[in-house]
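Q: A predicted structure for the sequence below; I have some questions about it.
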Amino acid sequence: MSLHRAHLHVAPDDHLAEAIDHVVAELEDDIRHGRVADDVSRLLGRRLEAAGVSLPPNAVEDLAELIEADVSL
């Protein structure tokens, strides 16, 4: 997941980095299993917010694009 964090435009501390990794891993798993019917960027933003992570909108969008690209491989 550190690949994803490299594109965040922010430098999260260890706690936030772990939270981001956890949210990303769960979302990727949900996508792979067909459990995502919503826009990935919107869903990612909501899940990050629920995990206490606040990222700029452009960072959420970039991260969502990376997730979609990784899952489609």
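A: Good, I have the coordinates.
Q: Lowest mean pLDDT among the helices and strands of this structure, which one is it?
A: Within the chain, confidence by mean pLDDT, DSSP states H and E is lowest for helix 2-5 among all helices and strands, at a mean of 50.
Q: Where do the helices of this protein begin and end?
A: For the chain, helices defined by DSSP state H occupy the ranges 2-5, 14-32, 40-50, 57-72.
Q: can you put the ones you listed in JSON lines and add mean neighbour count?
A: Every residue, glycine included, has its C-beta placed from N, CA and C. As requested, these are exported to JSON lines (neighbours: other CB atoms under 10 Å):
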{"stretch": "helix 2-5", "mean neighbour count": "13"}
{"stretch": "helix 14-32", "mean neighbour count": "16"}
{"stretch": "helix 40-50", "mean neighbour count": "17"}
{"stretch": "helix 57-72", "mean neighbour count": "16"}
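Q: and those helices, which one is worst for confidence?
A: Lowest mean pLDDT of those: helix 2-5, a mean of 50.
Q: Now for the residue nearest to V60 when sequence neighbours are not counted: which residues touch it?
A: Nearest non-adjacent residue to V60, counting by CB to CB, 6 or more residues apart in numbering: G45, 4.8 Å away. G45 makes contact with 55, 57, 60 under the criterion CB atoms under 8 Å, 6 or more residues apart in numbering.
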